[in-house]
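Novice: model this:
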Amino acid sequence: MNELSPELEQLQQRIAPLLQEVEEVLLEQVQGSSDLVDPLTRHLAVAGGKRMRPQLVMLCGQIGPNPQPELLVKAAAAVELTHLATLYHDDVMDSAPQRRGVKSAQLEWGNNRAILAGDVLFARASRLVAALGPEAVDYHAATFERLCLGQLNETFGPRAEDDKVQFYLQVLADKTGSLVASAASFGAMFSGCSTEIRDAVALYGDRLGVAFQIADDILDLTSPGDVSGKTPGTDLREGVDTLPVLLLRQRAACGEGDSAVAQILDALAADLSSDEALAHVVSLIVDNPVINQTRDLARQWVESALEALTPVPEGAPKQALEAFANLMIDRVA
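Specialist: This is a model prediction of the structure:
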């Protein structure tokens with residue numbers, strides 16, 4: 001958001017100290033156990049991160065007539081702790097070597113400890129939410145259930161009769177969109193918004209989360225390693241079919257694939273353990289029209305997120321949410 005309007009400037013000034021408080025609460029929550037445990041539980045929190053979810057809590061927390069700063073800070077910290085916990089578990093399931101430019105917790109400390117560290121963070125997030133009241137507890141529990149079901153569905157994979165692209169997008173919605181929606185909903189909840197506005201920003205968050213993950217699928221292929229912190233095409237090497245690959249397979253299954261599509265699918269079926277083989281298949285995909293098709297899908301999800309904001313009153317918070325959504329496209333333009 002370059003060239004901020006006076007209204008957006010004032011909004012930024014209001015939420016900046018609240019986001020700093022969130023950082024302080026996070027640091028407090030990821031340590032305090034023991035000298036053995038603390039380095040593990042604080043590992044990803046101090047490695048960085050976009051803090052997208054706390055920002056959404058605070059932006060949506062300015063929509064209503066009665067923002068409650070203390071509750072907004074606790075809600076933002078709880079959502080981010082939940083997100084961090086899922087990263088520990090995801091990295092175990094994916095055998096990921098890196099996260100946020102540092103060695104993954106499971107590689108550094110082992111699977112068992114990484115899983116338990118994630119559980120500790122879930123527990124601490126739940127304790128924060130408990131201070132927000134029964135409605136927040138129920139919402140957080142439903143979000144956690146959806147996160148787990150999304151992960152389970154991903155591990156089972158689609159059935160033979162399922163549309164694999166739609167199945168994948170639903171997994172993205174459950175694994176990522178659900179928690180982004182929770183962040184937006186909590187912000188609206190603790191600023192006195194109506195149910196209509198809370199539902200609107202939750203739908204916005206759900207769709208934005210999908211757009212974010214589609215953008216990540218593109219960046220996995222196009223972002224230089226020194227920027228992303230991992231080798232381009234890491235998902236391909238791990239046998240993960242992200243959206244560009246699923247779209248290519250869909251074209252081939254429908255008889256719409258050409259020789260370029262066949263060449264990519266053959267390359268994906270080969271040994272990708274060498275950097276040369278991986279770089280070759282990445283270049284083939286990046287040069288294929290499927291990348292633009294994937295970008296178009298990301299744009300569609302961003303547009304649908306913006307449509308969800310229709311009931312939200314005009315003003316700086318809505319402008320900020322619109323700009324926030326458009327950043328998803330700017331990442332992969």
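Novice: Near residue 163, how many other residues are there?
Specialist: 12 (other Cβ atoms under 10 Å). Yep, even glycine has a C-beta here, placed from its N, CA and C like the rest.
Novice: for residue 302, same thing?
Specialist: Each residue near residue 302 was counted by other Cβ under 10 Å, and the total is 23.
Novice: and it, what is it in contact with?
Specialist: 207-208, 211, 325-326, 328-329 (Cβ atoms under 8 Å, 6 or more residues apart in numbering).
Novice: Of these - the most surrounded one?
Specialist: Top of the contacts of residue 302 by neighbour count (other Cβ under 10 Å): residue 208, with 30 neighbours.
Novice: Am I right that that residue falls within a helix?
Specialist: Yes - counting by DSSP: H, G, I helix; E, B strand; the rest coil, residue 208 is found in a helix.
Novice: So it is in contact with residue 178, correct?
Specialist: No - applying Cβ atoms under 8 Å, one finds residue 208 not in contact with residue 178, separated by 11.6 Å.
Novice: Tell me where the stretch 151-300 of the chain has helices.
Specialist: Using DSSP state H, counting those that start in this stretch, the helices of the stretch 151-300 of the chain run over 164-172, 178-189, 195-222, 225-228, 234-237, 243-253, 259-269, 275-286, 290-308.
Novice: Comparing those, which yields the minimum mean pLDDT?
Specialist: Least confident of those, judged by mean pLDDT, is helix 225-228 with a mean of 55.
Novice: how about the residue sitting nearest the centre point of the chain, what does it touch?
Specialist: By Cα atoms, centre = their mean, the mean C-alpha position of the chain lies nearest to residue 176, the distance being 4.6 Å. Residue 176 makes contact with 209-210, 212-213, according to Cβ under 8 Å, 6+ apart.
Novice: what's the neighbour count on residue 296?
Specialist: 10.
Novice: Same question for residue 319.
Specialist: Residues near residue 319, counting by other Cβ under 10 Å: 17.
Novice: got the contact list for it?
Specialist: Counted by Cβ under 8 Å, 6+ apart, residue 319 has contacts 5, 7-8.
Novice: let's go with 7 Å and repeat that
Specialist: residue 8 (Cβ atoms under 7 Å, 6 or more residues apart in numbering).
Novice: do residue 42 as well
Specialist: 30-31.
Novice: Just the pLDDT at it, thanks.
Specialist: Residue 42 is given a pLDDT of 87.
Novice: Going by neighbour count, which of the contacts of residue 176 are buried?
Specialist: The neighbour count (16 or more other Cβ atoms under 10 Å) marks 209-210, 212-213 as buried among the contacts of residue 176.
Novice: any idea how far residue 238 is from residue 104?
Specialist: 13 Å (Cβ to Cβ, to the nearest Å).
Novice: higher neighbour count, those two?
Specialist: residue 104 (22 against 12).
Novice: now that one, nearest residue through space, not along the chain?
Specialist: In space, and not counting its chain neighbours, residue 104 is closest to residue 91: 4.3 Å by Cβ to Cβ, 6 or more residues apart in numbering.
Novice: Pretty sure residue 102 is one of the things that neighbour touches, is it not?
Specialist: No - contact criterion Cβ atoms under 7 Å: residue 91 and residue 102 do not qualify, at 11.1 Å.
Novice: how near is the residue nearest to the centre of the chain to residue 286?
Specialist: Taken as Cβ to Cβ, the span from residue 176 to residue 286 is 23 Å.
Novice: what about residue 25, distance to residue 197?
Specialist: 26 Å.
Novice: same question but for residue 28, I mixed them up
Specialist: 31 Å.
Novice: From the neighbour counts alone, determine which of those two ranks first.
Specialist: When residue 28 and residue 197 are compared for neighbours, residue 197 comes out ahead with 21 against 11, by other Cβ under 10 Å.
Novice: excluding its backbone neighbours, what's nearest the more buried one?
Specialist: Nearest to residue 197 is residue 188, by Cβ to Cβ, 6+ apart, at 5.5 Å.
Novice: Now do the contacts for the one you found.
Specialist: 60, 63-64, 197-198, 201.
Novice: And the closest residue to residue 309 other than its chain neighbours, how close does it get to residue 177?
Specialist: Among residues not flanking residue 309 along the chain, residue 204 sits closest, at 5.4 Å (Cβ to Cβ, 6+ apart). Here residue 204 is placed at a distance of 10 Å from residue 177 (Cβ to Cβ).
Novice: close enough to count as contact, residue 311 and residue 200?
Specialist: Yes - using Cβ under 7 Å, residue 311 makes contact with residue 200 at a distance of 4.5 Å.
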